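> build me a model:
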Amino acid sequence: MTNLTHSEAKYAIIGAGPCGLAAAKIFLDYNIPFDGYESGPDVGGLWDINNPDSTVYESAHLISSKFTTGYSCFPMPDSMPDYPSHREVWKYFCQFAQHFGLYSHFSFLTRVVRVQPNDEQAQTWQITLQNGETRSYAGVIIASGTFHTPSMPRFEGNFSGEIVHSAAYKSADLFANKRVLVVGAGNSGCDIAVDAVYRAQSVALSMRRGYHFIPKYVFGKPADTLGGLVRLPRPLKQRIDEWILRLFAGDAQRVGFPKPDHKLYELHPVVNSLVIYHAGHGDIAIKPAISRTEGKRVWFSDGSNDEYDLILAATGYQLNYPFIDPKYLCWRGTYPQLFLHIFNPQYRNLFMLGMVEATGLGWQGRYEQAQLVAAYIRAKIQYPDRAQRFDHAISHDQPKLNGGYRYMSLDRMAFYVHKDTYRQTIKAYLDKLL
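Modelled structure (predicted):
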């Protein structure tokens with residue numbers, strides 16, 4: 001491949017987590033010059049618990065298995081457990097960076113505080129570092145992740161106990177001898193509620209809606225490694241999979257969980273069977289949404305009330321990229337409106353990696369995002385006709401990425417896609433650029 005060495009071809013990659021590392025590896029493959037910036041002390045992003053921006057907690061493990069999560073070009077080793085801990089995941093990223101020679105291309109403990117165009121046409125971009133230094137680049141790849149800015153709920157009344165967001169949670173020591181209410185029953189909320197069982201005086205889990213629960217193991221194998229050999233019509237697959245999950249995970253409604261208001265796969269499922277186990281044993285009380293608070297007493301929407309010392313809000317995150325004005329990201333509503341959740345319709349040299357969610361997409365799905373970006377950048381230099389056709393697609397194509405599923409109209413589902421549909425779409429466009 002032709003080496004793109006002229007200064008106008010150098011790019012900035014912000015973040016050395018799963019997406020930033022994928023971009024760095026692929027840019028090296030494509031001979032695209034770049035500088036990488038990471039605010040933390042090492043690679044791994046939030047999986048590096050020593051990173052001040054990390055939101056993982058001591059008991060955190062992958063909710064998808066190593067078989068479906070890692071990069072295809074660098075599989076997780078056989079010695080690693082099926083569902084690695086955050087420490088093992090971080091070690092995996094370190095090994096990935098070492099194997100492909102990525103460390104020397106990143107500046108660590110270097111926070112980017114501003115990204116802005118150098119001119120009205122945004123032919124180049126200027127980044128400003130925390131120390132005040134500025135540098136110019138042909139383009140910018142934002143790969144800094146989506147779990148940074150906590151979405152903190154507001155409760156009517158004045159709660160006099162502690163209120164902590166899950167972003168600040170690290171250890172179950174926080175719960176020692178306290179009456180704990182976990183708000184939010186997503187994957188983190190259920191994990192943390194299970195943590196609290198072993199240290200708290202009492203544990204309750206407040207949830208606004210029911211969820212579908214997926215056990216980590218089915219027939220003795222990681223659940224996400226089963227199926228896929230036979231393509232079933234979507235409605236039939238939903239019915240069959242719901243029956244199988246009920247068989248293996250148990251009847252969540254029987255132990256107090258509300259019935260889901262959606263079909264399987266229309267909202268991100270909860271990969272956790274221990275929370276059902278503990279609810280069935282009376283270790284976790286299931287409560288509806290909070291209606292108001294007074295002192296340490298909390299009232300719920302069903303009229304019940306109880307006292308708590310600590311409310312832990314596992315209520316997710318707001319999408320936020322504080323170093324760039326949202327106007328440069330085509331931001332509409334709650335998230336940027338980007339082609340394939342990657343390409344900016346207005347600024348063709350500003351890219352987003354990782355702003356996508358899908359059951360089972362794994363880091364390979366993000367890796368393929370980076371492949372498409374690199375192929376587009378190379379095509380602009382070497383194959384301008386292909387790049388021009390892709391530019392037309394960015395402006396005019398509106399591919400359906402939901403695989404026919406009717407995802408719930410929630411902020412957290414705004415950039416949710418169907419894994420197979422998304423990857424097939426990425427590959428189709430990639431083939432046209434190569």
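
> go through the one helix or strand R292 maps to and flag the buried ones.
R292 belongs to strand 290-295 when assigned by DSSP states H and E. Of the residues in strand 290-295, 290-291, 293 count as buried by neighbour count, 16 or more other CB atoms under 10 Å. Backbone N, C-alpha and C define where each C-beta goes, glycine included.

> and what of stretch 119-127?
So stretch 119-127, judged by 16+ other CB under 10 Å, has buried residues 122, 124-127.

> ok, stretch 165-176 next?
165-167, 169, 172, 174-175.

> can you list the residues that contact it?
Contact with stretch 165-176 is made by 49, 55, 57-59, 147, 150, 152, 164, 184, 188-189, 192, 195-196, 198-200, 203, 310, 312-315, 317, as judged by CB atoms under 8 Å, 6 or more residues apart in numbering.

> one more: stretch 401-417?
Here stretch 401-417 makes contact (CB under 8 Å, 6+ apart) with 234, 262-263, 265-268, 316, 333-335, 340-341, 355-358, 361, 418-422, 425.

> hmm, 6 Å instead?
234, 262, 265-267, 316, 334-335, 341, 355-358, 418, 421-422 (CB atoms under 6 Å, 6 or more residues apart in numbering).

> okay, and for the stretch 151-300 of the chain, where does confidence drop off?
Along the stretch 151-300 of the chain, segments meeting pLDDT under 70 span 228-230.

> next up, the contacts around the closest residue to D35 other than its chain neighbours.
Spatially, and ignoring its direct neighbours in sequence, D35 is nearest to A12 (5.5 Å; CB to CB, 6 or more residues apart in numbering). Neighbour list for A12: 35, 127, 137, 140 [criterion: CB under 6 Å, 6+ apart].

> repeat for Q364
71-72.

> pLDDT of stretch 322-329, averaged?
Averaging pLDDT along stretch 322-329 yields 96.

> beta partners for R179?
Under DSSP bridges, the beta-bridge partners of R179 are S202.

> any idea how far L109 is from W90?
17 Å (CB to CB, to the nearest Å).

> give me the more crowded residue out of these two.
Of the pair L109 and W90, W90 is the one with more neighbours under other CB atoms under 10 Å, namely 23 against 13.

> circling back: for the strand holding R292, packing partners?
strand 157-159, strand 297-300 (3 or more CB pairs under 6 Å, 6 or more residues apart in numbering; DSSP states H and E).

> quick one: residues in contact with that strand.
Counting by CB under 6 Å, 6+ apart, residues outside strand 290-295 touching it are 155-157, 159-160, 206, 298-299, 301.

> farthest-apart pair in the residues you listed, please.
S160 and S301 (21.1 Å; CB to CB).

> quick check: next helix or strand after the longest helix along the chain?
Longest helix of the chain, by residue count under DSSP state H: helix 362-382. Under the assignment DSSP H and E, the closest C-terminal helix or strand after helix 362-382 is helix 384-396.

> what is that next one packed up against?
So helix 384-396, by 3+ CB pairs under 6 Å, 6+ apart, packs with helix 362-382.

> please state the offset of the helix it packs on from the chain centre?
Helix 362-382 sits 19 Å away from the centroid of its parent chain (CA atoms, centre = their mean, to the nearest Å).

> again, but for stretch 315-328
The answer for stretch 315-328 is 14 Å, by CA atoms, centre = their mean.

> got a list of contacts for that stretch?
By CB under 6 Å, 6+ apart, stretch 315-328 touches 112-115, 146-147, 149-151, 153, 184, 335, 412.

> contacts for the host helix or strand of I426?
Using DSSP H and E, I426 falls within helix 419-433. Contacts to helix 419-433, defined as CB under 6 Å, 6+ apart, come from residues 358, 360-361, 365, 368, 372, 375-376, 379, 386, 399, 401, 403.

> can you rerun that using 8 Å?
340, 356, 358-361, 365, 368-369, 371-372, 375-376, 378-379, 383, 386-387, 389-390, 393, 399-403.

> and what of stretch 69-79?
Taking CB under 8 Å, 6+ apart as the rule, stretch 69-79 contacts 22, 25, 62, 66-67, 84, 92, 95-96, 99-100, 362-364, 367.

> filter the residues you listed to the buried ones?
22, 25, 62, 66, 84, 92, 96, 100, 362-364, 367.

> thought P258 was touching M207?
Yes: using CB atoms under 8 Å, P258 makes contact with M207 at a distance of 6.7 Å.

> any shared contact partners between these two?
Shared contacts of P258 and M207 (CB under 8 Å, 6+ apart): 286, 288.

> those two: which is more packed in?
M207 (21 against 15).

> dihedrals phi and psi, the more buried one?
Note on M207: backbone dihedrals following degrees, to the nearest 10 are phi -140, psi 140.

> state the distance from it to T68.
27 Å.

> one more: F175?
The spacing between F175 and T68, counted by CB to CB, is 32 Å.

> what about Q116, is that helix, strand or coil?
strand (DSSP: H, G, I helix; E, B strand; the rest coil).

> ok, now which ones touch it?
125-126, 128, 324-325, 328.

> got those as CSV, with distance to Y211 columns?
Below are the contacts of Q116 laid out as CSV (distance: CB to CB, whole Å):
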residue, distance to Y211
W125, 41
Q126, 44
T128, 42
I324, 34
D325, 36
Y328, 36
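
> run through the helices of the stretch 1-150 of the chain in chain order.
Remark: helices assigned in the stretch 1-150 of the chain by DSSP state H, counting those that start in this stretch are 18-29, 66-69, 86-99.

> reformat those helices into CSV and put distance to P75 and mean pLDDT next to each item.
Putting the helices of the stretch 1-150 of the chain into CSV (distance: least, CB to CB, whole Å; pLDDT from 0 to 100) gives the following:
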stretch, distance to P75, mean pLDDT
helix 18-29, 14, 98
helix 66-69, 8, 96
helix 86-99, 10, 98
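
> which one, of these, ends up nearest to L434?
helix 18-29 (12.4 Å).

> how long is stretch 169-181 end to end?
Counting by CA to CA, to the nearest Å, you get 14 Å between the two ends of stretch 169-181.

> now stretch 124-139
6 Å.

> again, but for stretch 287-297
Termini of stretch 287-297 sit 14 Å apart (CA to CA).
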